[in-house]
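In: I would like to see how this sequence folds:
(4 chains)
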2 protein chains.
Amino acid sequence: MSITDTEVEDALASFEAFLRRKRLKMTAQRRTMIRTALKHVGHFTAEDLYRRLTEAGAAVSMATVYRGLTLLEEAKLLEGHDFDGTRRYERLVDREHHDHMICLDCQRVLEFQDDDIESLQEKAAKRHGFDLADHRLVLYVRCPEGDQPERCHRAESMRTA
Amino acid sequence: MSITDTEVEDALASFEAFLRRKRLKMTAQRRTMIRTALKHVGHFTAEDLYRRLTEAGAAVSMATVYRGLTLLEEAKLLEGHDFDGTRRYERLVDREHHDHMICLDCQRVLEFQDDDIESLQEKAAKRHGFDLADHRLVLYVRCPEGDQPERCHRAESMRTA
DNA sequence: ATAACTGCAAAGCATTTGCAATCTT
DNA sequence: AAGATTGCAAATGCTTTGCAGTTAT
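Out: Numbers count the residues shown, from 1 in each chain, chains lettered A, B, ... in the order given. Prediction:
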């Protein structure tokens, strides 16, 4: 679930390579931001990251957080989702691809994988003459009829939205 | 592609039933809004609908358009999507379910269907102990390497985002 | 040196909301 | 009559941007 320090440092190195490629610069703010962002378990918003940075005593402005998140996404260290009006990010480093299931009863977000669906998506794109670049699949689900909403909360790979 | 007048009037009747069920009221604004919205081909934003209403001489405020779109979605006459920051709607009446493919090269939106993917989604939800209520699948694609971007524009079931 | 980065505050954009007047039922 | 709806303008919430000063390469 959690990321190791070595993985964080490796990611940092790969981000530096990304910056060099784009002729951009590494700064103290970006370094702190990456370390903090990658250590975040589950989904987080710009606001969440900003709060953590602030609480840790790091002086990074909200504007810089937004600009940094965009870069981290371009560098493929983070992946962004638009589940609702607020963009949510999650670490991509050292995590397998997955889609999301959102329970309309308890609002929780569950992660799942389905290789068959993945390969059919590839085929669907091809069938229409395109190359699949990326995709977003969200399943809106409900706790089975008659079940207590808590049932939902017990699910294993659960994350807070 | 287009909807018939009869279908529009039927939809209107079903919306009135929906309102009655919820103890809400039918108004001139809502009537005009539905007729205009349902006749819209492809995807449209609140702004698009507002413009059409205004151009047709109907006096409906933006606030009412937003409030109405929410109701039309609840009544399942429209379906909303969050492809980007602006919500886009499409007529649900008399249309089969489909997902979307968005070309990152030419920005166009293509509709597609895949029954196998649909049924696997159902199974995935079940496997995790939930009932599938709804879903959103968006494939981000690219015109094949070496192709002119126009290739993309020629695709049949294309819609403007 | 040069170009990129940062913080700040202001601006932007889509959408929502409080309220008084006005319609539906 | 009671409650829902409307338009307006103000407010909201998230995100972006212009600018002047600072910093990395």
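In: which residue packs closest to residue A:79, ignoring adjacent ones?
Out: residue A:92 (4.8 Å; C-beta to C-beta, 6 or more residues apart in numbering or on different chains). Every C-beta, even on glycine, is put in place using the N, C-alpha and C of the backbone.
In: counting neighbours, what do you get for the one you found?
Out: When counting by other C-beta atoms under 10 Å in any protein chain shown, one arrives at 18 neighbours for residue A:92.
In: name the element residue A:100 belongs to?
Out: Taking DSSP states H and E as the criterion, residue A:100 maps to strand A:99-103.
In: what lines up beside the next helix or strand after that strand in the sheet?
Out: Once the chain leaves strand A:99-103, the next helix or strand it forms, by DSSP H and E, is strand A:109-112. When sheet partners are counted by DSSP bridges, strand A:109-112 sits next to strand A:99-103 (antiparallel), strand A:158-159 (antiparallel).
In: check contacts around the residue nearest to residue A:79.
Out: A:76-79 (C-beta atoms under 8 Å, 6 or more residues apart in numbering or on different chains).
In: and chain A, what are its domains?
Out: A:5-91, A:99-160 (automatic domain parsing).
In: for residue A:6, which three-state class applies?
Out: helix (DSSP: H, G, I helix; E, B strand; the rest coil).
In: tally of neighbours for it?
Out: Residue A:6 - counted by other C-beta under 10 Å - has 8 other residues nearby.
In: with the one 3 residues further on instead?
Out: Residues within reach of residue A:9, counting by other C-beta under 10 Å, total 13.
In: mean confidence for the host helix or strand of it?
Out: According to DSSP H and E, residue A:9 maps onto helix A:5-21. Mean per-residue pLDDT for helix A:5-21: 97.
In: return the distance of it from the chain's centre.
Out: Here helix A:5-21 is found 17 Å from its chain centre; the criterion is C-alpha atoms, centre = their mean, to the nearest Å.
In: which of the residues in the very next helix or strand once past that helix are buried?
Out: Following helix A:5-21 in sequence order, the next helix or strand is helix A:28-39 (DSSP H and E). Going by neighbour count (16 or more other C-beta atoms under 10 Å in any protein chain shown), the buried part of helix A:28-39 is A:29-30, A:32-38.
In: could you dump those residues into JSON lines with distance to DNA strand D and pLDDT added?
Out: Output for the buried residues of helix A:28-39, formatted as JSON lines (distance: C-beta to the nearest atom of the strand, whole Å; pLDDT from 0 to 100):
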{"residue": "A:29", "distance to DNA strand D": "9", "pLDDT": "98"}
{"residue": "A:30", "distance to DNA strand D": "9", "pLDDT": "98"}
{"residue": "A:32", "distance to DNA strand D": "12", "pLDDT": "97"}
{"residue": "A:33", "distance to DNA strand D": "14", "pLDDT": "98"}
{"residue": "A:34", "distance to DNA strand D": "14", "pLDDT": "97"}
{"residue": "A:35", "distance to DNA strand D": "16", "pLDDT": "97"}
{"residue": "A:36", "distance to DNA strand D": "16", "pLDDT": "97"}
{"residue": "A:37", "distance to DNA strand D": "14", "pLDDT": "97"}
{"residue": "A:38", "distance to DNA strand D": "19", "pLDDT": "97"}
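In: so which of the domains of chain A gets nearest DNA strand C?
Out: domain A:5-91 (2.9 Å; C-beta to the nearest atom of the strand).
In: can that closest one be found next to DNA strand C?
Out: Yes: applying C-beta under 7 Å from any atom of the strand, one finds domain A:5-91 in contact with DNA strand C at A:19, A:23-25, A:27, A:29-30, A:59-64, A:67-68.
In: now, among those residues, which is nearest to chain B?
Out: Proximity of the residues of domain A:5-91 next to DNA strand C to chain B (C-beta to the nearest C-beta) peaks at residue A:67, which lies at 17.3 Å.
In: just to check, residue A:46 is in contact with residue A:62?
Out: Yes: look at residue A:46 against residue A:62 with C-beta atoms under 8 Å: they come within range, at 7.1 Å.
In: of these two, who's got more company?
Out: Legend: neighbour count by other C-beta under 10 Å for residue A:46 and residue A:62, higher for residue A:46 (17 against 13).
In: show me the contacts for that one.
Out: Neighbour list for residue A:46: A:62, A:65-66, A:69, A:87 [criterion: C-beta under 8 Å, 6+ apart].
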